[in-house]
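[1] take this sequence and fold it.
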Amino acid sequence: MTGFEAIDALLAGARQEVELPPAGRRRVLREALNLSRTQVARVLGVSPSTVGGWESGRDPSGEIREKYAYFLEGARTKLEEQAESAGEEASSEDPVDQSYTDQISTNESSANQDSTDVEPDGAGADEVETLSAPQPCVLCGRPAGHQVAGFPQHLDPGECSDTGEQPQRTAPPAKAEAPAEPAPAEAPPTTTTPTASAKSVKIVPVGRRVQPASELPDLIGDAVAAALAEHAGDVDAATAALVKRAIPDAMALLDETRKGGRYDIVAHPWIPDILRKQTARGADQIWEARPKWARPELPAGRHEVTALDINGAYLSALKTHLPIGQLEHSTDSHHDRRRAGVHLITPPVWEHDAVLPNPVGNRDEPGPLWVTEPTLRLLLRLSGPKYGLCDPPEIHQSFTSGATEGLLEKFRIALKDARDKAIVDADEVTLEYVKAMYSKFVSTMGESNYNRELYRPDWMHLIRSQAFSNLWMKAYKAYDEGLVVVRAMGTDELHVSGDWRSVFPEGRGVSEVKVKDTYTVGKDTDPAAVPEHDR
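    Okay, the predicted model is just below:
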């Protein structure tokens, strides 16, 4: 093919992306059909938060954009048909198309007004969802068809008091001139009380809001049951199908656990160049401090070594200080514990390689390097008076943001609880599914084609480094308790010699370890070389 033919073929295959309605109208079209973001997300193969992002201004691309455009056009057509049918039945004098246009325009104006009032952390009117079945309103106790910020309530305040008991407010009611009955001697003001027939709704604080204290829907259990049913009980086939869909399912679970949260964490913030890959298949400039260490020399004699497997290393590492917003540059040499990110440091000299691995891992090149928050905090901890194992690292510059350790905590607990239950039930299908969910969630939140909803390579590095830091602390605990640390590898492999069961609990839980291998190193001392009275 000539160069001109190749250009012609390129132009012939090129096509303009399909147009989408304005962001405010997308939400109006969905809500006019009483569809929730979850329902739309399920058929499009994305998470509900992604649909929310599209409705607040972000645009999809590629094939998913065409599917979303198809849905929106279908929704518009269906609403026009419904409006026309309703207009014919009512014999309305106004043009049907105009009434429909007025309805859409009014709703869109309201939606756009709502979007301008959204709080900086992403909490706003987008969190109004239509319930599949009415639930007791948190204000009056009567059935409500919507939920706001994660809990059921009427959208129109008048619906809370149109029939039945009037909800009591904080201020006491005015006294009647001629009461039918004597009033109680003292009636303290009360907050909103549901009707006697309605079941009360217990609420709990979440961030700066409240939401029902109900358990999360069992998304993991439901997915496993559906996969087993679909594959007629074939465990291997069901497991393979679940592992294949682990990434979108993990994102759906994350979205569920973040309801009512203070921060919209599914976003694509600006990322500094140090966090971008240097080549298509290369790495970025962040050093994760992955240990790959073996003790250079053991004491003379025979040593029984046990290779321990650290359970759920990445699952435990989800509890780490994660930057919430966009990373900001700083040249301050002081470490602010309220922030987290990546740091350019000159690491301290490590003088204990004969018995413990270097906290920054195996690194051949000297000089400064970019490390993550967990690595820096570990070095600062080990340089403190409690350990005194090294000098403090020298911080040259940083990219950080305000941070919290509990950003993924509900997500982690949901996975941990499902894992614990699967262990008790000997449910290997759920075990493999949960493992795939958290491991793939961590590995694909960077520059990955498999997860385009969450682009946080800084989080990926931090969570991985937290797993390495956790392993290092277990190695130190073994050393401090008198065990001989023989090897430390990756995130979950620790080789020790000695009575390890007195130090680590054995089992399959995330706070326990299990035996991966046992082997012997060294030889017994030659009996001939031992004096007869010492034999």
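[2] going forward, measure contacts and count neighbours with C-alpha atoms only.
    Noted.
[3] in the stretch 301-450 of the chain, which spans are strands?
    Taking DSSP state E, counting those that start in this stretch, the strands of the stretch 301-450 of the chain run over residues 303-310, 322-323, 328-330, 339-346, 369-372, 394-404.
[4] and those strands, which is most packed in?
    Burial of the strands of the stretch 301-450 of the chain is given as mean neighbour count (mean count of other C-alpha atoms under 10 Å); strand 322-323 ranks first at a mean of 26.
[5] who does that one touch, helix- and strand-wise?
    Contact analysis of strand 322-323 by 3 or more C-alpha pairs under 8 Å, 6 or more residues apart in numbering; DSSP states H and E lists strand 339-346, strand 394-404, helix 457-480 as its packing neighbours.
[6] those: which one's closest to Ala229?
    Set against Ala229 and scored by C-alpha to C-alpha, the helices and strands packed on strand 322-323 come closest in helix 457-480, at 34.4 Å.
[7] and that closest one, what's buried?
    457-472, 474-476, 478-479 (16 or more other C-alpha atoms under 10 Å).
[8] what helices or strands is that helix leaning on?
    helix 313-317, strand 322-323, strand 339-346, strand 369-372, helix 373-382, helix 428-443, strand 484-489, strand 493-497.
[9] can I get these in TSV including mean pLDDT?
    Converted to TSV, those look like this (pLDDT from 0 to 100):
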stretch	mean pLDDT
helix 313-317	95
strand 322-323	94
strand 339-346	96
strand 369-372	96
helix 373-382	97
helix 428-443	95
strand 484-489	95
strand 493-497	96
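[10] between the ones you listed, which gets nearest to Gln397?
    Minimum separation from Gln397 across those (C-alpha to C-alpha) falls at strand 339-346, 5.3 Å.
[11] tilt between that closest one and strand 394-404?
    Taking axes from the mean of the first three to the mean of the last three C-alpha atoms, to 10 degrees, one finds strand 339-346 and strand 394-404 inclined to each other by 170 degrees.
[12] tell me the strands beside strand 339-346, with direction?
    Here strand 339-346 is paired, per DSSP bridges, with strand 369-372 (antiparallel), strand 394-404 (antiparallel).
[13] may I see these organised as a markdown table, with distance to Ile324 added?
    A markdown table is the format used below for those (distance: least, C-alpha to C-alpha, whole Å):
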| stretch | distance to Ile324 |
| --- | --- |
| strand 369-372 | 15 |
| strand 394-404 | 5 |
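[14] for Thr306, see how far away Val514 is.
    Quick fix: residue 514 reads Lys, not Val. The gap separating Lys514 from Thr306 is 10 Å, by C-alpha to C-alpha, to the nearest Å.
[15] can you report how many residues lie near Glu230?
    13 (other C-alpha atoms under 10 Å).
[16] show me the contacts for it.
    Ala238 (C-alpha atoms under 8 Å, 6 or more residues apart in numbering).
[17] redo that, cut-off 10 Å
    With contact set as C-alpha atoms under 10 Å, 6 or more residues apart in numbering, Glu230 has these partners: Val224, Ala237, Ala238, Ala241.
[18] out of those residues, which are buried?
    For the contacts of Glu230, buried by 16+ other C-alpha under 10 Å: Val224, Ala238, Ala241.
[19] I'd like the next helix or strand past the helix or strand that contains the second one.
    When elements are assigned from DSSP states H and E, Ala238 belongs to helix 235-244. Following helix 235-244 in sequence order, the next helix or strand is helix 246-257 (DSSP H and E).
[20] mean confidence for that next one?
    The average pLDDT within helix 246-257 is 91.
[21] quick one on the thing from earlier: just put the helices and strands packed on helix 457-480 in CSV and tack on distance to Val51.
    As requested, the helices and strands packed on helix 457-480 are exported to CSV (distance: least, C-alpha to C-alpha, whole Å):
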stretch, distance to Val51
helix 313-317, 27
strand 322-323, 24
strand 339-346, 28
strand 369-372, 32
helix 373-382, 32
helix 428-443, 19
strand 484-489, 41
strand 493-497, 40
